[in-house]
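[1] sequence and predicted structure are below.
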Amino acid sequence: MKKALALLIPWVCLFFGVGSPAWADETAAELDQLKQEVNRLLKRIEELEKKQADTEEKAAETQKKVAEVEEKAERGEKKALKDRVHLSGEARFRVMSSWFDTSAGFYGGHGPGDALPDTDQEWHDETSFPVRVRLNLWAEVVPDIVDFYGRLTMNKRWGSWDPSIGSSSNPFDKPNSFESSIGHDLTLRAEQAYATFKIPSIRSTWYVGRLPGLDGPPSRQAGSLFPRLFIDSEIDGTLLKWEAPATGLDEQELPWTRTRLWGGGSPEAPAGGPADAGPPKEFPSRKASEAKAKEKSGVLVGYLKYDEKKESLPDDADAFLAQGVLKIGKSTSIIADGLYMDDWHMPYGSTVKASGQGKPDLVTTYTLTGVYVDTQLLGFQVYGAYYHSHFRIPAHTWSTSKASGSFEGADFPGHIWYLGFNTGDLLGAKHQFTAEYAQGSDAWINPFNYRGYRRKGTVLSAADNAYYEGATVVGFYPFNAGVWDIYYDYFFRSNVRFRLGFMYFDYDKHTEHPNEAGFSILGSSKYETLYWPYGEFNLSF
């Protein structure tokens, strides 16, 4: 195309200009000018073609780079997703010996001839090896907004397997469920499976699912919400937690929280050194106090499903709760709790009938209120609580294969008080000593505190209820006991702990109600006193 254009222009000029020398000279000059213009245009065309080629090459390179960036972004997204899923676990290995005894007549009786038990009883478990394994999951579904938490737990006692234990959260739906979590079963139990949704506009977090109801203050395991004396069990439902904005109270330390027996002038100072020495890299004895320091004042309200009856006539047992937290500085927490449950069905009520209702169990309402206080004193973490419970056993008749009778109805208020301390970091980074005591009244009961050795809501082991003659385990079985819980912890590493401990339970004989005719309708502990020394090896991974 360029060659044809270069030849065509001179021939046209020659055709029109033949025959005149002057005109020929002018034509030659114009022809040279045209040739120059043509060459300039041709050069421009070449430059444009070269630029086009360069552009196409750059476009190809850009496309290649975009593909590489997309590939890297995809890999980064996969990596980010992996980073948002966190797995962890805990394993507890325990060895213990146990002693139990019950004096004659502890369960009650009409007189010397029918008192139960009829003679003093003693039992001894030489050694047992309970094992507990927990697997934890935390997934950041939408970073900083939506999270999911899960925990699977298995309890196993070496050399023992009891197939009658179930995985239900209801502590009263198996014949020996009053011993739940002592270590018989191999079933993986879902202790937690809940989601949280942060709502920054109202400083709130919404919880839904199987909620974190275990290992709260004073131990304060990660994610816990409630004092252990209030709730220490699996719970299902939904909660809304509101955190208060910062106030002057957050910076106001109480006078006694700044005084220590030794180890510096403030709780922040490392034990055994000056206040400005700075803490070591690992200080596991401070774990609970550091968790307390992060707590915020606020309010929590919730709705729990305690017992769902599905498509049946009895109503579900629903619970409504509220909790208020007041923080004073980093060292002091005051927690007030309240809970109301409607249509609570008496555990194992299959041998009785509620008067006028024709139902196979007794139905009552239940209330629980109390306060928990946690502070620092002379470097010790000191805590205490008082809770009050109330339920009513309605008027009813009953019958068994041996006898029948009636109960005219009565209210049963109860209470428990609790006091404890630990040495915090006074003994150094790796050592801590703890002592606790609690005392429950005759009718104190908490159906939301029934898991494990440290339960303080129901009896550890239930005796047959002699009030309903011929019946097995049936009744409310309050925690009418005093209990000592003493242990020493040695932290080999922040995630490896050794514990030596001792627990002692002393149950009271139930006070007889005027129309109970010798035996308490509440149900008695099988053992009057029980105690065990133990050693424990705990791993976190």
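    Okay, I see it.
[2] please, where are all the helices along the stretch 351-500 of the chain?
    Counting by DSSP state H, counting those that start in this stretch, one finds no helices in the stretch 351-500 of the chain.
[3] same check, this time on the chain
    Applying DSSP state H to the chain gives helices spanning 2-17, 21-83, 287-294.
[4] which of these has the lowest average pLDDT?
    Here these differ in mean pLDDT, and the lowest is helix 2-17 at a mean of 48.
[5] give me the domain ranges for the protein.
    Domain ranges of the chain: 2-78, 84-540, per automatic domain parsing.
[6] for Asp425, see how far away Phe433 is.
    Distance of Phe433 to Asp425, given as Cβ to Cβ, to the nearest Å: 12 Å. No exception for glycine: its C-beta is placed from N, CA and C like everyone else's.
[7] more neighbours: the two, which one.
    Asp425 (29 against 16; other Cβ atoms under 10 Å).
[8] go ahead and confirm that one touches Phe283.
    Yes: judged on Cβ atoms under 8 Å, Asp425 makes contact with Phe283 at a distance of 6.3 Å.
[9] out of the domains of the chain, which is the most enclosed?
    domain 84-540 (a mean of 18; mean count of other Cβ atoms under 10 Å).
[10] where in the stretch 51-200 of the chain is pLDDT low?
    Where the stretch 51-200 of the chain drops to pLDDT under 70, the residues are 66, 69, 72-81, 110-113, 159-186.
[11] can you pull out the strands in it?
    All strands of the stretch 51-200 of the chain, identified by DSSP state E, counting those that start in this stretch, fall at 85-102, 121-128, 130-142, 146-157, 189-199.
[12] who does the fourth one touch, helix- and strand-wise?
    Taking 3 or more Cβ pairs under 8 Å, 6 or more residues apart in numbering; DSSP states H and E as the contact definition, the neighbouring helices and strands of strand 146-157 are strand 130-142, strand 189-199.
[13] would you list those in JSON lines and tack on distance to Arg157?
    Output for these, formatted as JSON lines (distance: least, Cβ to Cβ, whole Å):
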{"stretch": "strand 130-142", "distance to Arg157": "5"}
{"stretch": "strand 189-199", "distance to Arg157": "15"}
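[14] so what touches stretch 130-141?
    With Cβ atoms under 8 Å, 6 or more residues apart in numbering as the test, stretch 130-141 has contacts from 84-94, 96, 146-158, 182-183, 191-192, 195.
[15] Phe100 contacts Ser525, doesn't it?
    No: under the criterion of Cβ under 8 Å, Phe100 is not in contact with Ser525, lying 10.0 Å apart.
[16] now do the same contact list for the nearest residue to Leu214 once chain neighbours are set aside.
    Nearest residue to Leu214 in three dimensions, chain neighbours excluded: Asp232, at 5.9 Å (Cβ to Cβ, 6 or more residues apart in numbering). Asp232 is in contact with 213-216, 226, 448-452, 454-457, counting by Cβ under 8 Å, 6+ apart.
[17] got those residues as JSON lines, with pLDDT and distance to Ala317 columns?
    Below are these laid out as JSON lines (pLDDT from 0 to 100; distance: Cβ to Cβ, whole Å):
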{"residue": "Gly213", "pLDDT": "91", "distance to Ala317": "16"}
{"residue": "Leu214", "pLDDT": "89", "distance to Ala317": "20"}
{"residue": "Asp215", "pLDDT": "89", "distance to Ala317": "24"}
{"residue": "Gly216", "pLDDT": "89", "distance to Ala317": "22"}
{"residue": "Phe226", "pLDDT": "96", "distance to Ala317": "18"}
{"residue": "Phe448", "pLDDT": "94", "distance to Ala317": "11"}
{"residue": "Asn449", "pLDDT": "92", "distance to Ala317": "16"}
{"residue": "Tyr450", "pLDDT": "83", "distance to Ala317": "14"}
{"residue": "Arg451", "pLDDT": "77", "distance to Ala317": "18"}
{"residue": "Gly452", "pLDDT": "77", "distance to Ala317": "22"}
{"residue": "Arg454", "pLDDT": "85", "distance to Ala317": "24"}
{"residue": "Arg455", "pLDDT": "88", "distance to Ala317": "19"}
{"residue": "Lys456", "pLDDT": "91", "distance to Ala317": "21"}
{"residue": "Gly457", "pLDDT": "91", "distance to Ala317": "15"}
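[18] closest one of these to Glu311?
    Phe448 (25.7 Å; Cβ to Cβ).
[19] now that closest one. Nearest residue, chain neighbours left out?
    Nearest to Phe448 is Ile231, by Cβ to Cβ, 6+ apart, at 4.6 Å.
[20] ditto for Asp315
    Spatial nearest neighbour of Asp315, excluding adjacent residues (Cβ to Cβ, 6+ apart): Asp343 at 4.2 Å.
[21] what's near enough to touch the residue nearest the centre of the chain?
    Residue closest to the average C-alpha location in the chain (Cα atoms, centre = their mean): Pro212, at 2.8 Å. Counting by Cβ under 8 Å, 6+ apart, Pro212 touches Tyr149, Gln192, Tyr194, Gly223, Ser224, Leu225.
[22] for Asp316, state which of the residues you listed is nearest.
    Relative to Asp316, the closest of these is Tyr194; by Cβ to Cβ it sits at 19.7 Å.
[23] show me the beta-bridge partners of that closest one.
    For Tyr194, the beta-bridge partners are Tyr149, Gly209 (DSSP bridges).
[24] ok, it - contacts?
    Phe148, Tyr149, Gly150, Tyr207, Val208, Gly209, Arg210, Leu211, Pro212.
[25] go again with 7 Å.
    Contact partners of Tyr194, counting by Cβ atoms under 7 Å, 6 or more residues apart in numbering, are Tyr149, Tyr207, Val208, Gly209, Arg210, Leu211.
[26] from Leu362, how far out is the residue nearest to Asp315?
    Separation of Asp343 from Leu362 (Cβ to Cβ) stands at 11 Å.
[27] same deal with Phe380?
    Counting by Cβ to Cβ, the separation of Phe380 from Leu362 is 44 Å.
[28] where exactly do the strands run in the stretch 351-500 of the chain?
    All strands of the stretch 351-500 of the chain, identified by DSSP E, counting those that start in this stretch, fall at 352-354, 363-377, 380-393, 396-399, 404-407, 410-422, 431-440, 481-493, 496-507.
[29] phi, psi of Asn465?
    Torsion angles at Asn465 (phi, psi; degrees, to the nearest 10) stand at phi -90, psi 110.
[30] that one and Gly475 touch, don't they?
    Yes: under the criterion of Cβ atoms under 7 Å, Asn465 makes contact with Gly475 at 4.6 Å.
[31] pull up the overlap in contacts between these two.
    Common neighbours of Asn465 and Gly475 (Cβ under 7 Å, 6+ apart) are Gly523.
[32] just the CA trace of stretch 128-136, in CSV.
    Output of stretch 128-136 as CSV, limited to C-alpha atoms (Å, rounded to 0.1, in the frame of the first residue of the first chain):
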residue,chain,number,x,y,z
SER,A,128,-9.9,-44.0,90.0
PHE,A,129,-8.5,-42.2,86.9
PRO,A,130,-11.0,-39.8,85.4
VAL,A,131,-10.0,-38.3,82.0
ARG,A,132,-11.6,-35.3,80.4
VAL,A,133,-10.8,-34.2,76.8
ARG,A,134,-12.1,-31.0,75.2
LEU,A,135,-11.8,-29.9,71.6
ASN,A,136,-12.5,-26.2,70.9
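[33] on that earlier part again, roughly how far does the residue nearest to Phe448 sit from Lys309?
    Ile231 is 22 Å from Lys309, by Cβ to Cβ.
[34] Ala193 now?
    Distance from Ala193 to Lys309, by Cβ to Cβ: 22 Å.
[35] likewise for Glu469?
    The gap separating Glu469 from Lys309 is 28 Å, by Cβ to Cβ.
[36] got a list of what Ser98 touches?
    Ser98 sits next to Asp125, Leu530, Trp532 when contact means Cβ under 7 Å, 6+ apart.
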